[in-house]
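**Student:** Structural data only, the sequence is not supplied:
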C-alpha cells in the first residue's frame with residue numbers, strides 16, 4: 001500500500017476547497033471499497049480517524065476535507081475494507097503453544113504422525129515429554145489397519161518413543177493419544193480388568209483384551225495431562241507473543257478467549273501495561289476452577305470502559321465433548337457406535353448454580369454444548385435461572401458451538417435470547433464424517449442450522465475454535481456462504497438452505513461478535529464515533545467468485561487507528 005502526505009488528487013482537492021473548516025484527522029483511508037456493516041450507510045470509499053475513533057465516513061472527495069498538515073493518508077488503491085474481524089470463540093494460549101509444540105493439524109496419516117513424534121524424540125533427552133496437538137483420525141486420507149472404537153492404537157508410537165512419554169491432543173481438544181510410557185507414569189498402563197474403561201466424564205479406550213490403546217477421551221485425558229511439567233513464565237510470554245502475531249496477520253482485531261485462568265488474565269494485563277497487546281481481548285473465566293469463580297463473584301466483572309483492550313465478564317462451562325471422539329452428549333445413540341451417547345463432562349447442577357449466581361452479579365455464562373442432549377440441558381438450566389432473575393433482561397448468555405440441536409430446541413435460542421456462538425469452519429471440516437456419527441435425519445434437522453437459528457431471532461456469531469482449526473477467518477467466511485469443504489465439495493454445498501448470505505457472514509464476524517461481548521455500541525461496524533478497527537483485503541470478499549475467497553489475503557489490520565499488521 002502507498003502512504004503519502006498531502007500529495008496527489010487528495011491534497012489538490014483540499015487546497016481548492018473554500019474556507020469551510022472541518023476537524024483534521026490523524027489518519028485517512030481513501031480510494032477503497034468500504035463495507036461498513038451499517039444498514040443506514042452500507043458502503044463508502046474513505047474513512048477518517050482521530051484519537052483511535054472513526055471521525056467521518058464518505059466518498060474520497062468528502063473525506064479529503066479532513067486532511068490536515070499532520071494527517072497520514074493511506075491510499076487503499078481499490079482494496080476492500082471491513083470492520084475489524086472478531087474471533088468469537090478460540091483459545092489464545094492454545095494458538096501460541098500450538099506453534100511451540102508438535103503441530104499435527106495437517107498430518108494426513110497415522111504413519112506421518114508417528115514420523116513427527118520420532119523426529120521430536122531424536123531431539124529430546126530421555127524422559128522429556130513429547131507434546132503436540134491437532135491430529136484427527138477422521139481427516140486422515142487412509143486409516144491404520146488396527147482400529148479400536150474408531151481410533152488408532154499406540155503400537156507404532158511405542159516403537160519410536162520407548163523412553164519419552166508422549167501426549168498428543170486431538171484437534172478438538174476432547175481426546176488425547178498417549179504412548180505406553182505416559183500410561184505407565186499415570187498408573188493405567190495395564191488395567192487387566194482392574195478398572196473399567198469408563199471414568200467420570202470420559203473413557204479410557206481399551207482393546208478386546210482390556211489393555212489401553214493409548215486413546216483417552218474427555219476427562220480421562222486428565223489422568224495423563226496432569227503429569228506434564230508446568231510451563232514457565234518465559235514460555236508463556238513467547239506463546240502469547242506468537243498468538244497475537246498470528247491474530248493480526250489474519251485480520252483479527254478482537255478475540256474471545258474461551259476459558260482461561262487467572263494466570264492468563266494476568267499475563268494479558270502485563271502485555272497491555274507494556275503496550276504489547278495488539279488485539280482486544282474478551283476473556284472467559286474457566287469453569288474448571290471453582291475457586292477462581294468464587295473469587296470473581298466477590299469482586300465482580302472487570303469491564304474495560306477506557307480503552308476496551310481487556311474485559312473479563314463471562315464464565316465458560318465445558319458441558320460435553322466433541323463429535324470427533326464421540327464425546328458430544330446425545331439424546332439418542334451414535335449411529336456408528338450403538339449403545340453410546342457421549343459424555344456429560346460437567347454436572348448440570350453446576351450449570352444451574354453458576355447461572356443463578358452469575359445473573360445478579362452481571363456475569364455472562366458461555367456453555368460449551370455440541371450434542372443435542374447438552375444443548376437441551378443447558379437451555380433448560382438457562383431458562384430456569386432467567387425465571388428466577390426476571391430483572392436480568394440483558395444477560396446475553398451463550399451456547400458455544402451449538403453444533404447439533406434437537407428441532408424442538410432451536411426456537412428456544414431466540415425465545416430466551418441465547419446467543420449461538422458457532423464456528424462455520426466446523427461445517428466444512430466435520431460435515432463429511434459427522435453424518436456417520438448422527439445419521440442423515442439428525443444432520444438435516446438440527447446440525448449447523450445457521451438460518452434456522454437466525455430465523456428465531458437468535459444472534460449467531462462466527463469463529464474457528466483455534467487451535468482446533470486454523471484461526472484464519474476467511475475459510476470460515478467461505479464455509480458460511482458455501483457450506484462446502486475447503487476443496488469445494490459438494491456442488492451446491494451441504495444442506496444449502498442453511499447458507500448465510502455474504503452480508504450475514506460478515507455481520508457474524510463483526511457486529512454480532514461485538515454484541516456477544518456487549519460492545520456493539522463501540523465496535524463491530526464502521527460508524528462515526530466507533531472504534532477505528534479495520535481489516536483490509538486484496539480482494540472484494542463480498543463480490544468475488546466464492547472460490548476466490550480462499551485465496552484472498554489480509555493486507556492490513558488496524559486496531560484503534562494504529563496499523564498493527566501490514567502485508568508487504
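**Tutor:** Perfect, I can see it now. For clarity, every value in this text was computed on a predicted model and none was experimentally measured.

**Student:** Domains of this structure: list them as residue ranges, please.
**Tutor:** The record's domain parsing of the chain by automatic domain parsing lists 1-78+524-568, 93-225, 319-500.

**Student:** For residue 310, find the nearest of these.
**Tutor:** Proximity to residue 310, assessed across the domains of the chain by C-beta to C-beta, is greatest for domain 1-78+524-568 (12.9 Å). Where C-beta positions appear, they are placed from N, C-alpha and C, glycine not excepted.

**Student:** Now do the closest one: distance to the chain's middle.
**Tutor:** Computed by C-alpha atoms, centre = their mean, to the nearest Å, the separation of domain 1-78+524-568 from the middle of its chain amounts to 28 Å.

**Student:** give me the low-pLDDT residue ranges for the stretch 151-300 of the chain?
**Tutor:** 189-198 (pLDDT under 70).

**Student:** so which of the domains of the chain comes closest to residue 247?
**Tutor:** Closest to residue 247 of those, according to C-beta to C-beta: domain 319-500, at 6.6 Å.

**Student:** in the stretch 51-200 of the chain, which spans are strands?
**Tutor:** In the stretch 51-200 of the chain, the segments counted as strands under DSSP state E, counting those that start in this stretch are 53-58, 72-75, 80-83, 85-90, 102-103, 130-135, 147-148, 151-152, 166-170, 175-178, 198-199.

**Student:** Residue 501 is nearest to which of those?
**Tutor:** Of all those, it is strand 80-83 that lies closest to residue 501, at 14.7 Å by C-beta to C-beta.

**Student:** Please name the residues that touch residue 313.
**Tutor:** Contact analysis of residue 313 by C-beta atoms under 8 Å, 6 or more residues apart in numbering lists 282, 301, 302, 303, 362, 363, 364, 518.

**Student:** quick one: the last one and residue 419 touch, right?
**Tutor:** Read it as residue 518. No: between residue 518 and residue 419 there is no contact under C-beta atoms under 8 Å: 10.9 Å.

**Student:** and for the two, which residues touch both?
**Tutor:** Joint contacts of residue 518 and residue 419 (C-beta under 8 Å, 6+ apart) are residue 396.

**Student:** Return the distance of residue 224 relative to residue 168.
**Tutor:** In this structure, residue 224 and residue 168 are 10 Å apart, going by C-beta to C-beta, to the nearest Å.

**Student:** and for these two, which residues touch both?
**Tutor:** Jointly contacting residue 224 and residue 168 under the rule C-beta under 8 Å, 6+ apart are 176, 178.

**Student:** The stretch 301-450 of the chain: strands as residue ranges?
**Tutor:** For the stretch 301-450 of the chain, the strands defined by DSSP E, counting those that start in this stretch occupy 310-318, 364-369, 398-401, 419-421.

**Student:** Need the winner for burial among those strands.
**Tutor:** Per-stretch averages of neighbours, counted by mean count of other C-beta atoms under 10 Å, single out strand 398-401 among the strands of the stretch 301-450 of the chain, with a mean of 28.

**Student:** starting at the chain centroid, how far to the top helix by length along the chain?
**Tutor:** If you go by DSSP state H, the chain has its longest helix at helix 424-446. Relative to the centre of its chain, helix 424-446 is centred 19 Å away, using C-alpha atoms, centre = their mean.

**Student:** same thing with stretch 303-316?
**Tutor:** Here stretch 303-316 is found 17 Å from its chain centre; the criterion is C-alpha atoms, centre = their mean.

**Student:** And the helices in the stretch 401-550 of the chain?
**Tutor:** For the stretch 401-550 of the chain, applying DSSP state H, counting those that start in this stretch gives helices covering 410-416, 424-446, 450-455, 473-482, 502-508, 511-515.

**Student:** ok, now which ones touch the closest residue to residue 418 other than its chain neighbours?
**Tutor:** Spatially, and ignoring its direct neighbours in sequence, residue 418 is nearest to residue 397 (5.3 Å; C-beta to C-beta, 6 or more residues apart in numbering). Residues near residue 397 by C-beta under 8 Å, 6+ apart: 355, 364, 365, 366, 367, 382, 386, 416, 417, 418, 419.

**Student:** give the contact list for the first one.
**Tutor:** By that I understand residue 355. So residue 355 contacts 365, 381, 382, 384, 385, 397 (C-beta under 8 Å, 6+ apart).

**Student:** Equivalent analysis for residue 381, please.
**Tutor:** Counting by C-beta under 8 Å, 6+ apart, residue 381 touches 348, 351, 352, 355.

**Student:** Only whichever of those residues are buried, select them in ChimeraX.
**Tutor:** Applied in ChimeraX, the following selects the buried portion of these according to 16 or more other C-beta atoms under 10 Å:
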select :348,351,352,355
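
**Student:** Using JSON lines, lay out the contacts of residue 381 together with distance to residue 245 and pLDDT.
**Tutor:** Listed next are those as JSON lines, based on distance: C-beta to C-beta, whole Å; pLDDT from 0 to 100:
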{"residue": "348", "distance to residue 245": "39", "pLDDT": "98"}
{"residue": "351", "distance to residue 245": "36", "pLDDT": "98"}
{"residue": "352", "distance to residue 245": "40", "pLDDT": "98"}
{"residue": "355", "distance to residue 245": "36", "pLDDT": "98"}
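
**Student:** Identify, from the contacts of residue 381, the entry nearest to residue 297.
**Tutor:** Nearest to residue 297 among the contacts of residue 381, counting by C-beta to C-beta, is residue 355 at 12.6 Å.

**Student:** ok, residues contacting stretch 543-555?
**Tutor:** By C-beta under 8 Å, 6+ apart, stretch 543-555 touches 1, 79, 249-251, 474-475, 477-478, 481-482, 486, 488, 535-539, 541, 565-567.

**Student:** Export the contacts of residue 355 as CSV, with columns for pLDDT and distance to residue 271.
**Tutor:** Output for those, formatted as CSV (pLDDT from 0 to 100; distance: C-beta to C-beta, whole Å):
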residue, pLDDT, distance to residue 271
365, 98, 27
381, 98, 35
382, 98, 33
384, 98, 39
385, 98, 34
397, 98, 29
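
**Student:** Give the residue spans of this structure that score low on pLDDT.
**Tutor:** By pLDDT under 70, the weakly predicted segments of the chain are 1-20, 189-198.

**Student:** Let me see the contact set for residue 33.
**Tutor:** 43, 45, 76, 78, 79, 80, 81, 540.

**Student:** roughly how far apart are the third one and residue 479?
**Tutor:** Right, residue 76. Going from residue 76 to residue 479 by C-beta to C-beta gives 27 Å.

**Student:** can you check residue 66 too?
**Tutor:** 38 Å.

**Student:** One more: residue 568?
**Tutor:** The spacing between residue 568 and residue 479, counted by C-beta to C-beta, is 29 Å.

**Student:** Settle it for me: which of the two has more neighbours?
**Tutor:** residue 479 (30 against 4; other C-beta atoms under 10 Å).

**Student:** Filter the contacts of stretch 543-555 down to the buried ones and hand me the ChimeraX line.
**Tutor:** Here is the ChimeraX command that selects the buried residues among the contacts of stretch 543-555 (16+ other C-beta under 10 Å):
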select :1,79,249,250,251,474,475,477,478,481,482,535,536,537,538,539,541,565
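
**Student:** need the strands of the stretch 51-200 of the chain in CSV with distance to residue 277, can you?
**Tutor:** Shown next, in CSV, are those (distance: least, C-beta to C-beta, whole Å):
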stretch, distance to residue 277
strand 53-58, 18
strand 72-75, 22
strand 80-83, 19
strand 85-90, 15
strand 102-103, 24
strand 130-135, 24
strand 147-148, 45
strand 151-152, 39
strand 166-170, 27
strand 175-178, 31
strand 198-199, 39
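
**Student:** Out of the ones you listed, which gets nearest to residue 211?
**Tutor:** Evaluated with C-beta to C-beta, those place strand 147-148 nearest to residue 211, the distance being 9.8 Å.

**Student:** Mind listing the strands that closest one pairs with, and their directions?
**Tutor:** Using DSSP bridges, the strands paired with strand 147-148 in its sheet are strand 151-152 (antiparallel).

**Student:** Can you tell me what sits against the partner strand?
**Tutor:** Here strand 151-152 makes contact (C-beta under 8 Å, 6+ apart) with 110, 137, 143, 144, 146, 175, 177, 205, 213, 214, 215, 325.
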